[in-house]
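Let's see this in three dimensions:
(one chain, ligands or ions: 1)
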Amino acid sequence: MLMSAAAVLMLLQQAPAEGIDWDAEFGVEEKVRDPETGEFPVDPYTQDNANSGAAPYTSAQLVADFGGREGIRRIAIRTVELSEADPRIAGIFAAHDMVRLKRTLDEQFCYLLGAGCEYSGRDMRTSHAGLGATKADLNALVENLQAAMREEGVPFGAQNRLLAKLAPMSDKVVER
Ligand code: HEM
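Numbering: from 1, shown residues only. Sure, this is the predicted structure:
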């Protein structure tokens, strides 16, 4: 069957263009997890313990009350897990890197409790910018942290000492 020149031209025009990187055309950036850490890259920032938002305690008893280094790790990870599963705030966490958050939250708690860590994460204002967290969201997160500390058997007074370090940070994480 013979095609008219016009029909051939139409077919050519409709043919999908090959070799175009549409992600680049639309400005879509695909982030790839680091094969070693399992974390997504973040924009460069200056690492400093001051980014943790407070000065650390220096009490061996307090560290022991938290179950030592491993107890602190379990509490930080559990707090994130409870929050990811908490319908009140799960939506805020879903789109973010929970591998990194588990590591950095653990470092922050460990540093603040004086359990021998450096905090390598970002400051509280930078890391929560644009999340749109409310006071109610913060209360939900604190409840999850309290539940994680209770599960670990942290005495009430020791729980409150960690909360006392975190409470003044609320104006940096709550945006509305
Ligand atoms: C005083 C309270 C809080 C503390 C101490 C805290 C601590 C942290 C830390 C240490 C990081 C990691 C920083 C980094 O990646 O470099 C982080 C990130 C994050 N936090 Fe919080 N947080 C608090 C409140 C909240 C609240 C209320 C929400 C929402 C309900 C929230 C959601 C998130 C999310 C989604 C990220 C990851 C952001 C990203 O991937 O860029 N945080 N937080």
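
Let me see the residues that make contact with stretch 163-175.
When contacts are defined by CB atoms under 8 Å, 6 or more residues apart in numbering, stretch 163-175 is touched by residues 53-54, 57, 112, 123-125, 128-135, 137-138, 142, 145-146. Heads up, the C-betas are built off the backbone N, CA and C, glycines and all.

Give me the buried entries from these.
For those, burial is judged from neighbour counts taken by 16 or more other CB atoms under 10 Å, and it is met by 53-54, 57, 112, 123-124, 128, 131, 133, 137-138, 145-146.

Please identify which two of those are farthest apart in space.
Put simply, by CB to CB the two of the buried ones among the contacts of stretch 163-175 set farthest apart are 57 and 131, 27.5 Å from each other.

now the buried ones among the contacts of stretch 163-175 in TSV, with pLDDT and secondary structure?
Listed next are these as TSV, based on pLDDT from 0 to 100; DSSP: H, G, I helix; E, B strand; the rest coil:
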residue	pLDDT	secondary structure
53	98	coil
54	98	coil
57	98	coil
112	98	helix
123	98	coil
124	98	helix
128	97	helix
131	96	coil
133	97	coil
137	98	helix
138	98	helix
145	98	helix
146	98	helix
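
check those residues against the ligand, which are close?
Near the ligand, taking CB under 6 Å from any ligand atom as the test, the members of those found are 128, 131, 133, 137, 138.

State the helix or strand in which the nearest residue to residue 159 once chain neighbours are set aside lies.
Leaving aside its sequence neighbours, residue 159 sits nearest to residue 149 (CB to CB, 6 or more residues apart in numbering; 4.7 Å). Residue 149 is part of helix 135-151, with elements assigned from DSSP states H and E.

what's the answer for residue 93, then?
Mapping residue 93 onto the secondary structure by DSSP H and E places it in helix 90-94.

residues in contact with that helix?
Applying CB under 8 Å, 6+ apart, the contact partners of helix 90-94 are 80, 83, 84, 101, 131, 132, 133, 137.

Residue 86 versus the last one, what's the distance?
In this structure, residue 137 and residue 86 are separated by 10 Å, where distance is defined by CB to CB, to the nearest Å.

hang on, the earlier thing: residues of the helix holding residue 93 that come out buried?
Applying a neighbour-count criterion of 16+ other CB under 10 Å, one finds 92, 93 buried in helix 90-94.

What residues does this structure have near the ligand?
Residues of the chain found near the ligand, taking CB under 6 Å from any ligand atom as the criterion, are 89, 92-93, 96-97, 100-101, 104-105, 108, 121-122, 127-128, 131, 133, 137-138, 141, 166, 169-170, 173.

Now the residue most central in space within the chain: closest residue in space that isn't a chain neighbour?
Against the mean C-alpha coordinate of the chain, by CA atoms, centre = their mean, the closest residue is residue 101 at 3.5 Å. When the adjacent residues along the chain are set aside, residue 101 lies closest to residue 80, with 5.5 Å between them (CB to CB, 6+ apart).
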